[in-house]
Each structure stands twice: as structure tokens, then as C-alpha cells.
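**Student:** build me a structure from this.
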Amino acid sequence: MKAIFIEALYRKIITLPTDLVEALPGAVALFTSVQFTNSQQKMKGQIEAEGKKVVLPTAPHSKYPGQLLGCGIKKFNEKFDAFLYVGDGVFHPQTLVVENNKPVFIFDPFGDNKKWEMLDTKIVADKLKRKKGGILKFHAADNIGVLVSTKPGQNFLKYAMKLKELYPKKNFYFIINNNVDFSQLENFPFVQCWVNTACPRIGIDDVYKFQKPVVNLDDVAEGILKTSIAYRADKPNAMLAKSRAKK
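**Tutor:** Coordinates of the predicted model:
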């Protein structure tokens, strides 16, 4: 079955609060949800008018520079001092601190009194500590459970199978399902550590739901997923953005 994704842009152009622009450091990486990508240039101009630099990095899975999805985990190489995320909730901006140790300013255009705030990174930091422990457990374990999703865009069985080549002395058990049912994982008591190959946020946000340690595939097989189409920031994204800007 084919799926059609239709972008729903917010019709009004977003203006950043003056006190937020003043609070930003000298160089900022600007990100928004897709609904506000049409406001990026206006916000960029506001910040640059104060003599500050703005970059619009391209995140994984995103169609446009400066667009952010919750699964767009990446270490950004651009030079900047902090992130500015414009959108609602904290799920998306938490993605930014998984691989980047920088402060995150958040502005929700629909929030009460249109106030801005700083992202609390302590929760993510604790989850990342647990992930590091999971990596150590993976290397010490003999029996590994591999979670594979059948969801379009999250099915990486082909890449998951390469674990057997990388770790020939370990026993791998592949659990394939559409959704991860955490309660059902208890039916596999022999598994000492889980490897998540579906959405990478499962291996971060849901660490407390696992009775055993869990890691993402790229944590223990670096480069496998990043070389796949779904996990890399393709150069055509910039071309799409230029095409869109001409319309």
C-alpha cells in the first residue's frame, strides 16, 4: 500500500520574541518542525540583524535543511554555540543533544504567552549513560536478541543480519514484529542484551521499559545503518530545498 505524505505549513510567518533573540549566543543552529520551515528565513534574518550567525544544518531523514524529526540523530560538524528549535514539545529537540553537547533554546509559537525556555538535558544524559552500560553488556553477552520492525522505513533486517558476521561467536535471535511489545520480551529470558534496529529513539527513550540492557544497531555495528539510504543525510535534500524556494 502506497503512502502519501502532505506537508501542512503554518500559514502565518513566525516572529521570534525579542528577548529570545537577545539571549541567543553568537552562532546558532536553527531547526524547526516541517510546519514552520516557511518561517525559517524570517527568523534567520531576525537573529542575523543582531550580528549573530545562523546555520541551517541538514538532519537525517529530513527533506529540507533546518527541518528536524525525532529520529534525526546526528553529530553536526557546523560551527555554532547552541541550538534553537521552533516547534511544540521536547521529543524533537531532545534528538539534538543525543550526539551534541550544546544548549538548546526552545520556542513554542503556540505556547502560553509565547515564552521560550531551555531544554532540560539531564533526562537525556541519564538515558545515554544507560546506553553506554548496554554497550558494555552487549560485548560481554553470549545471547543477543535483535528487534526488527516490519514498519516501512524502519525495517533493517538486511543490516541486522550483518551482526552475525561481525560477532561470529555470539548467538543472535531475531524477533520480528510490527511494534515492539515490551511485555512480550520477558518470554525470552535467555536473552542477555537487546539490539534495536527500528526507530533509534527506542534504544534511548524506552531504555526504562526493557528488563535487559538495550542498544541501537549503530552502537555496536558503527556505519552499517549510516550507510543506508534511510540513515544518511543525502545531498539531494539541498537540491529539493532550492527547488522549493523557487516556487
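
**Student:** give me the domain ranges for this structure.
**Tutor:** 18-120, 126-231 (automatic domain parsing).

**Student:** adding distance to A8 as columns, could you present the ones you listed in a markdown table?
**Tutor:** C-beta here means a position set from N, CA and C on the backbone, and glycine is covered the same way. Shown next, in a markdown table, are the domains of the chain (distance: least, CB to CB, whole Å):
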| stretch | distance to A8 |
| --- | --- |
| domain 18-120 | 6 |
| domain 126-231 | 19 |
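
**Student:** what about stretch 81-97, start to end distance?
**Tutor:** 13 Å (CA to CA, to the nearest Å).

**Student:** residues of it that come out buried?
**Tutor:** Residues 82-87, 90, 92-97 are the ones in stretch 81-97 that count as buried (16 or more other CB atoms under 10 Å).

**Student:** Y10 is nearest to which of the domains of the chain?
**Tutor:** domain 18-120 (4.8 Å; CB to CB).

**Student:** now the closest one: mean pLDDT?
**Tutor:** Domain 18-120 carries an average pLDDT of 92.

**Student:** touching the helix ranked longest in the chain from outside, list them.
**Tutor:** Longest helix of the chain, by residue count under DSSP state H: helix 122-140. For helix 122-140, contacts defined as CB atoms under 8 Å, 6 or more residues apart in numbering pick out 94, 97-98, 144, 192-193, 195, 203-205, 207, 212-216, 219-220.

**Student:** now the helices for the chain?
**Tutor:** Counting by DSSP H, the chain has helices at residues 18-23, 40-48, 91-96, 122-140, 157-160, 163-166, 202-205, 217-220, 236-246.

**Student:** and for the first one, what are the contacting residues?
**Tutor:** Right, the one you point to is helix 18-23. So helix 18-23 is contacted by 46-47, 50, 52, 84, 105, 107, 116 (CB under 8 Å, 6+ apart).

**Student:** same question for the third one.
**Tutor:** Taking CB under 8 Å, 6+ apart as the criterion, the residues outside helix 91-96 that touch it are 31, 33, 59, 68-73, 83, 85, 87, 102, 104, 106, 119, 123-124, 201, 205.

**Student:** most remote residue from this protein's center?
**Tutor:** Of all residues in the chain, K169 has its C-alpha farthest from the mean position, at 31.6 Å, by CA atoms, centre = their mean.

**Student:** just give the nearest non-adjacent residue to it, would you?
**Tutor:** D142 (7.9 Å; CB to CB, 6 or more residues apart in numbering).

**Student:** residues contacting that neighbour?
**Tutor:** So D142 contacts 169-171, 192 (CB under 8 Å, 6+ apart).

**Student:** between those residues, which is nearest L16?
**Tutor:** Using CB to CB, the contacts of D142 come closest to L16 at Q192, 48.9 Å.

**Student:** quick one: the nearest residue to that closest one once chain neighbours are set aside from Y173, how far?
**Tutor:** Of all residues not flanking Q192 in the chain, A141 sits nearest, at 3.7 Å (CB to CB, 6+ apart). When distance is defined by CB to CB, to the nearest Å, A141 is 12 Å away from Y173.

**Student:** and if you look at Q154?
**Tutor:** Q154 is 19 Å from Y173, by CB to CB.

**Student:** which of these two has more neighbours?
**Tutor:** Q154 (16 against 12; other CB atoms under 10 Å).

**Student:** please list all residues in contact with the more buried one.
**Tutor:** Shown in contact with Q154 (CB under 8 Å, 6+ apart): 198-199.

**Student:** try 10 Å
**Tutor:** For Q154, the contact set (CB atoms under 10 Å, 6 or more residues apart in numbering) comprises 71, 148, 178, 197-200, 202, 230.

**Student:** one more: G153?
**Tutor:** Each residue near G153 by CB under 10 Å, 6+ apart is listed here: 3, 61, 71, 198-199, 230.
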